[in-house]
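Trainee: Build me a model from this:
(2 chains)
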2 protein chains.
Amino acid sequence: MKTEGLSINLATVRQQWKLPEAVEACRRHGITWVDPWRDQVAAVGLDTAVKAIKDNGMRVSGYCRGGMFPAADAAGRQAAIDDNKRALDEAAALGAKCLVLVVGGLPQGSRDIGAARQMVQDGLAAVLPHARSVGVPLAIEPLHPMYAGDRACVNTLKQSLDMAGQLGDDVGVAIDVYHVWWDPEVEAQIARAGREKRILGYHICDWLVPTKDLLLDRGMPGDGVVDLPRFRRWIEAAGYTGPTEIEIFSAKDWWTRPGDEVLETCIARYNDTFK
Amino acid sequence: MKTEGLSINLATVRQQWKLPEAVEACRRHGITWVDPWRDQVAAVGLDTAVKAIKDNGMRVSGYCRGGMFPAADAAGRQAAIDDNKRALDEAAALGAKCLVLVVGGLPQGSRDIGAARQMVQDGLAAVLPHARSVGVPLAIEPLHPMYAGDRACVNTLKQSLDMAGQLGDDVGVAIDVYHVWWDPEVEAQIARAGREKRILGYHICDWLVPTKDLLLDRGMPGDGVVDLPRFRRWIEAAGYTGPTEIEIFSAKDWWTRPGDEVLETCIARYNDTFK
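Mentor: Numbers count the residues shown, from 1 in each chain, chains lettered A, B, ... in the order given. The predicted structure is shown next:
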């Protein structure tokens, strides 16, 4: 079975392995791309993480995550900007193709989503020179609208592309089908993202019916209602040739299974998306 | 405190009272509008429901709910159309201002959300002549994208207005802030809905952070992150002068409290939205 072009977002096996073991397991299964999370890198130290990735011949499709720009005061917003610069430095050390941004929701006590969106735009602008200097582009990830309050006030691909367009080069989008599959405009916006050369990442999992938890009940590709082969055709038609990243948060199912079973299933289901 | 213009969607007190008791309680609290659900009407019989509403001098801001058009086969789709006609007859008997439509998600086994959306459009067209004949307009309610799979594949106000526009008169929208508050285009689309004279209902509750359940954890207005006074200004600027309906599904909080406390709180919070 094909493993070329498959990336494993390491959140998918975060309960089973630390980063070095996860990367080594991916190599054993023939997987050549990973996307680690900052806390996974911090848990072993950046040098150890870099060495594990290099020793196992891995490429890094993205680094999760920067963002979280809105804050209740200027000091908080500056702290977020500084933290994003550190994330960019780590991403550069890891050789990541992009820094994936979960942009942040409403600041504590705020009901002004418009203001939060402006804080995101301003934060992106403040971080962009550093992104350029270290050679790691910023990937805005539109998150499902159910996260608008607490995780990301950027909730459609159109909105992400509009923001990126205001900033210029070295800003793009990470398209995760989990977040955008419902959007009546998603096909057109994927095509637009391709035309504007802004697709920096492509993530898949599946939307389960029923979904039992807002955050930690994502499905393995094929187990839900998303038409993944159709998304595959759209993303290919948009000219995207990078890796397809499987990213699953699944507290009561996939995180409880042996890591090797999870990776084997990812490979099989990834192949199914080429129908 | 002002009760004029406040409607209570009877789902808000569905665990406390049957329809006649709920309507009588609303009257005691000075509330003059309600929106009953079909199962609440069925539980006591249509005649009893009509009498309770008439005897208590209530007006009916909407009737919940029609819709659920997509089905795996033609017989299922026809059954949905027939059921919507019955719902319209009931709505007419109750004197409801509109039939609120939760349009339905993906048919069992389907991953084709585009096809489901077409089934909705076709179902609306099939039901519309009956809606006109009984004098009850159809109110398409865009539901939050987290319900796209299983409840409603119409997920933005723009999409709802586009559908209504294809059908002509006597089709409008019910705007529930819970479902649309996150939408970057919602202000513009509320204005458009006003221009096109399609606002048939306006529902409020609040988005809690954190939200612990996808269906049954809606907040009382004021307890969440939605800027309800701002929505009020938008809806008034759009020319809407009808009632504001409070609709809360809250299995672990408001449904467990005494009904009178719930109604008193609704009145107080409704007043707060006029800040």
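Trainee: C-alpha only now, for contacts and for neighbours.
Mentor: OK.
Trainee: Spatially nearest residue to the residue in the stretch 1-150 of chain A positioned nearest to chain B (excluding sequence neighbours)?
Mentor: Going by Cα to the nearest Cα, chain B is nearest to A:R111 of the stretch 1-150 of chain A, at 4.8 Å. Closest residue in space to A:R111, ignoring its immediate chain neighbours: B:V225 at 4.8 Å, by Cα to Cα, 6 or more residues apart in numbering or on different chains.
Trainee: Mind checking what secondary structure that neighbour has?
Mentor: coil (DSSP: H, G, I helix; E, B strand; the rest coil).
Trainee: Who are the contact partners of the residue of the stretch 1-150 of chain A closest to chain B?
Mentor: Listed by Cα atoms under 8 Å, 6 or more residues apart in numbering or on different chains, the contact set of A:R111 reads B:V225, B:V226, B:D227.
Trainee: How about A:G67?
Mentor: Contacts of A:G67 by Cα under 8 Å, 6+ apart are A:A80, A:N84, A:V100, A:L101, A:V102, A:V103, A:G104, A:V120.
Trainee: Compute the number of surrounding residues for the spatially closest residue to it that is not a sequence neighbour.
Mentor: In space, and not counting its chain neighbours, A:G67 is closest to A:V103: 4.1 Å by Cα to Cα, 6+ apart. For A:V103, the neighbour count with other Cα atoms under 10 Å in any protein chain shown is 29.
Trainee: A:V103 touches A:I140, doesn't it?
Mentor: Yes - A:V103 lies in contact with A:I140 (Cα atoms under 8 Å); the separation is 7.2 Å.
Trainee: give the contact list for the residue in the stretch 151-275 of chain A that chain B sits nearest to.
Mentor: When distances are taken as Cα to the nearest Cα, the stretch 151-275 of chain A reaches nearest to chain B at A:V225, 4.8 Å away. Contact analysis of A:V225 by Cα under 8 Å, 6+ apart lists A:D206, A:W207, A:L208, A:V209, B:S110, B:R111, B:G149.
Trainee: Show me what from the stretch 151-275 of chain A comes close to chain B.
Mentor: Contact residues (Cα under 8 Å from any Cα of the partner chain) of the stretch 151-275 of chain A with chain B: A:153, A:155, A:159, A:182-184, A:207, A:209-214, A:225-227.
Trainee: Let's see if you can find the most crowded of those.
Mentor: A:C153 (32 neighbours).
Trainee: Correct me if wrong: it contacts A:A115.
Mentor: No - the criterion here is Cα under 8 Å, and A:C153 misses it with A:A115 at 9.9 Å.
Trainee: Quick check: pLDDT value at A:K275.
Mentor: A:K275 is assigned a predicted lDDT (pLDDT) of 82.
Trainee: just A:C266 next, same as before
Mentor: 98.
Trainee: re earlier: so is the residue of the stretch 1-150 of chain A closest to chain B in a helix, a strand, or just coil?
Mentor: coil.
Trainee: picking that back up, ok, the residue nearest to A:G67 - contacts?
Mentor: Contacts of A:V103 (Cα under 8 Å, 6+ apart): A:G66, A:G67, A:M68, A:F69, A:P70, A:V120, A:I140, A:E141, A:R151, A:A152, A:C153, A:V154.
Trainee: hmm, try it at 6 Å
Mentor: Shown in contact with A:V103 (Cα atoms under 6 Å, 6 or more residues apart in numbering or on different chains): A:G67, A:M68, A:F69, A:A152.
Trainee: try A:N84
Mentor: A:G66.
Trainee: One more: A:A52?
Mentor: A:A52 touches A:P20, counting by Cα under 6 Å, 6+ apart.
Trainee: Can you give me the distance of it to A:C26?
Mentor: A:A52 is 11 Å from A:C26, where distance means Cα to Cα, to the nearest Å.
Trainee: and what of A:E185?
Mentor: 35 Å.
Trainee: Looking at those two, which has the bigger crowd around it?
Mentor: Using other Cα under 10 Å as the criterion, A:E185 and A:C26 rank with A:C26 on top: 23 against 14.
Trainee: what number of residues lie near A:F69?
Mentor: Neighbours of A:F69 using other Cα under 10 Å come to 30.
Trainee: can you tell me how far it sits from A:V136?
Mentor: Distance from A:F69 to A:V136, by Cα to Cα: 18 Å.
Trainee: Ok, A:L106 next?
Mentor: To A:V136, A:L106 is 26 Å away according to Cα to Cα.
Trainee: ok, of the contacts of A:V225, which one's closest to A:G45?
Mentor: A:D206 (31.8 Å; Cα to Cα).
Trainee: How about the contacts made by the residue lying closest to that closest one once chain neighbours are set aside?
Mentor: What sits nearest to A:D206 in space, not counting adjacent residues and going by Cα to Cα, 6+ apart, is A:G219, at 4.5 Å. Contacts for A:G219 (Cα under 6 Å, 6+ apart) come out as A:C205, A:D206, A:W207, A:L208.
Trainee: Quick one: those residues as JSON lines, columns for distance to B:G95 and secondary structure too.
Mentor: Below are the contacts of A:G219 laid out as JSON lines (distance: Cα to Cα, whole Å; DSSP: H, G, I helix; E, B strand; the rest coil):
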{"residue": "A:C205", "distance to B:G95": "46", "secondary structure": "coil"}
{"residue": "A:D206", "distance to B:G95": "43", "secondary structure": "strand"}
{"residue": "A:W207", "distance to B:G95": "39", "secondary structure": "coil"}
{"residue": "A:L208", "distance to B:G95": "39", "secondary structure": "coil"}
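Trainee: Export those residues to JSON lines and append columns for pLDDT.
Mentor: Putting the contacts of A:G219 into JSON lines (pLDDT from 0 to 100) gives the following:
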{"residue": "A:C205", "pLDDT": "98"}
{"residue": "A:D206", "pLDDT": "98"}
{"residue": "A:W207", "pLDDT": "98"}
{"residue": "A:L208", "pLDDT": "98"}
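Trainee: so which of those comes closest to B:E196?
Mentor: Once Cα to Cα is applied, the member of the contacts of A:G219 that ends up nearest B:E196 is A:W207, at 34.4 Å.
Trainee: Would you list the phi and psi of the residue nearest to that closest one when sequence neighbours are not counted?
Mentor: The shortest distance from A:W207 to any non-neighbouring residue, by Cα to Cα, 6+ apart, is to A:G224 (4.9 Å). Here is the backbone geometry of A:G224 (degrees, to the nearest 10): phi -130, psi -150.
Trainee: And for A:G172?
Mentor: According to degrees, to the nearest 10, A:G172 has phi -140, psi -150.
Trainee: residues contacting it?
Mentor: Shown in contact with A:G172 (Cα under 6 Å, 6+ apart): A:A139, A:R198, A:I199, A:L200.
Trainee: Among these, which one has the most neighbours?
Mentor: Top of the contacts of A:G172 by neighbour count (other Cα under 10 Å): A:A139, with 30 neighbours.
Trainee: Correct me if wrong: that residue contacts A:V100.
Mentor: Yes - counting by Cα atoms under 6 Å, A:V100 is a contact partner of A:A139 at 4.8 Å.
Trainee: shared neighbours of these two, anything?
Mentor: By Cα under 6 Å, 6+ apart, no residue touches both A:A139 and A:V100.
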